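Undergrad: got a predicted structure plus its sequence, pasted below:
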Amino acid sequence: MDIIISNSSGIPIYEQIKEQIKDKIINNELVSGELLPSIRSLARDLRCSVITTKNAYEELEKEGYVKTIPAKGTYVNNINVELIREEQLKKVESLLEKVVNIATINKIKKKEIMDILNILFEEEK
Amino acid sequence: MNALEIKNLNKKYEGFELKNVSFTVEEGTVMGLIGENGAGKTTIIKAILNILTNYKGEILIFEADNKKNLNIYEDVGVVLDDMFFPEILYVKDINSIMKDIFTKWDSKLFFQYLEMFKLPLNKQIKTLSKGMRKKLEIITALAHHPKLLILDEPTTGIDPIARSEVIDLFRNFMQDEKCSILLSSHITTDLEHIADYITFIDKGEVVLADSCPLLMDNYGIVKCNEKEFQKIAKDDYLKYKKNKYDYEVLISNKKEFKKKYDIKIIDNITLEELMVLMIKGGK
């Protein structure tokens, strides 16, 4: 499993760990029931404090991605695909909200935005 | 459980005073002790080790009073700033001496570490370089399977490669959640990557105590001009420093600050910058 942490990105380290593990769960690189490294070994290998890795696991647990069983370890949860889709949709919505904001302020027409979107989707294909 | 608890430690020398120093090291955590030369770090460590006499306050190691229960030191590994072995000894002699001092002394582990750090067995300690002596001290501190390590400047004087090896040793030591470390250091970058908590001592007093990752995530340095600085409310910063061309302002909550003020440059902080601003900065 790759986890790559930047010390100069300005993003808190626990958040970087959290996001990268989350991505791996969503992409099925980490599967349901898989045992994650202990907070102590992860801290050693990422060269960070135990508080940081503990924090990352706690956040992942809060969001439902993992489950910690005391004295056993932290496991990948059986994740709800619907739930994740909803969360991703929320992300898209909040980004689009920014787009609409900028567009309104600068008098950019809806059609122009749609055209950009169409081009971008074409490129993705 | 607390590995170490210091309650209201007071000690007066001529021209120096420890004032009500209190802090705890929880089991399974690493506490970094930072401060200027002469701030009182070594005095605190000496009190913990019962080398310092006539102090006021209470020190508990594994929840036992350190003056009444001397057997608790069996579980404590120590590296002090100065070498405590006679220089005429040979490296291998350390094993013969220590195995009679600590009941849990592990000769096999000791020689294993010596080999790992390429320390010569048949050389007198006085012929070793400063870095090699430091490594020998650290190995000695680890070889009796302690549960608490007390380290006073353990990485000073050793090169970056050896330093990273030493820090890795400490990280491996911390894999056991019953183990804890109190570590004083000037090399603050070492602390940034291993400490869970930071206690900052200035002129014999604790001036700051916080979780290290929280500190690194939340504290910041605002860089701005005089006009912008005037707009910042006194409650929103800890210290500031006026330079020839700019102001450096130490803040403790980057997120809130960004919302409140329109100042572009807010840098992440290093423990070194934090120390300098806390001591040299004004308010």
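TA: Nice, I can see it.
Undergrad: for residue B:29, see how far away residue A:57 is.
TA: Going from residue A:57 to residue B:29 by Cβ to Cβ, to the nearest Å gives 16 Å. For the C-beta atoms, the positions are set from N, CA and C on the backbone; glycine is no exception.
Undergrad: show me where the chain has its strands.
TA: If you meant another chain, say so; for now it's chain A. Secondary structure of chain A (DSSP state E): strands at A:66-69, A:73-76.
Undergrad: hmm, no, I was thinking of chain B.
TA: B:2-13, B:16-26, B:30-34, B:56-61, B:64-65, B:76-79, B:148-152, B:180-184, B:197-202, B:205-211, B:220-224, B:239-242, B:247-251, B:265-268.
Undergrad: just put the ones you listed in TSV and tack on mean pLDDT and mean neighbour count.
TA: Shown next, in TSV, are these (pLDDT from 0 to 100; neighbours: other Cβ atoms under 10 Å in any protein chain shown):
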stretch	mean pLDDT	mean neighbour count
strand B:2-13	95	18
strand B:16-26	95	17
strand B:30-34	96	25
strand B:56-61	95	17
strand B:64-65	93	12
strand B:76-79	94	22
strand B:148-152	96	24
strand B:180-184	96	25
strand B:197-202	95	22
strand B:205-211	94	17
strand B:220-224	94	22
strand B:239-242	94	16
strand B:247-251	94	22
strand B:265-268	90	15
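Undergrad: domain map for chain A?
TA: A:13-76, A:81-124 (automatic domain parsing).
Undergrad: quick one: closest of those to residue B:84.
TA: The closest approach between residue B:84 and any of those, judged by Cβ to Cβ, belongs to domain A:13-76 at 29.0 Å.
Undergrad: nearest to chain B, out of the domains of chain A?
TA: Ranking the domains of chain A by proximity to chain B (Cβ to the nearest Cβ) places domain A:13-76 first, at 4.2 Å.
Undergrad: save the strands of chain B as a markdown table, and put in distance to residue B:169 too.
TA: Output for the strands of chain B, formatted as a markdown table (distance: least, Cβ to Cβ, whole Å):
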| stretch | distance to residue B:169 |
| --- | --- |
| strand B:2-13 | 18 |
| strand B:16-26 | 19 |
| strand B:30-34 | 13 |
| strand B:56-61 | 22 |
| strand B:64-65 | 27 |
| strand B:76-79 | 11 |
| strand B:148-152 | 10 |
| strand B:180-184 | 11 |
| strand B:197-202 | 20 |
| strand B:205-211 | 23 |
| strand B:220-224 | 32 |
| strand B:239-242 | 35 |
| strand B:247-251 | 33 |
| strand B:265-268 | 28 |
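Undergrad: tell me which of these approaches residue A:97 most closely.
TA: Residue A:97 lies closest, by Cβ to Cβ, to one member of those: strand B:265-268, at 25.0 Å.
Undergrad: the closest one - contacts with which helices or strands?
TA: Applying 3 or more Cβ pairs under 8 Å, 6 or more residues apart in numbering or on different chains; DSSP states H and E, one finds that strand B:265-268 makes contact with strand B:220-224, helix B:254-260.
Undergrad: look up the closest residue to the residue nearest the centre of chain B, ignoring the ones flanking it.
TA: In chain B, the centroid-proximal residue (Cα atoms, centre = their mean) is residue B:184; its distance is 2.1 Å. The shortest distance from residue B:184 to any non-neighbouring residue, by Cβ to Cβ, 6 or more residues apart in numbering or on different chains, is to residue B:33 (4.0 Å).
Undergrad: how far away is that neighbour from chain A?
TA: Distance of residue B:33 to chain A, given as Cβ to the nearest Cβ, to the nearest Å: 15 Å.
Undergrad: where does the stretch 51-200 of chain B come near chain A, residue by residue?
TA: Residues of the stretch 51-200 of chain B found near chain A (Cβ under 8 Å from any Cβ of the partner chain) are B:168, B:171-172, B:174-175, B:177, B:193-196.
Undergrad: from those, which two are the most distant?
TA: B:177 and B:193 (19.0 Å).
Undergrad: and those two? which has more neighbours close in?
TA: residue B:193 (16 against 13; other Cβ atoms under 10 Å in any protein chain shown).
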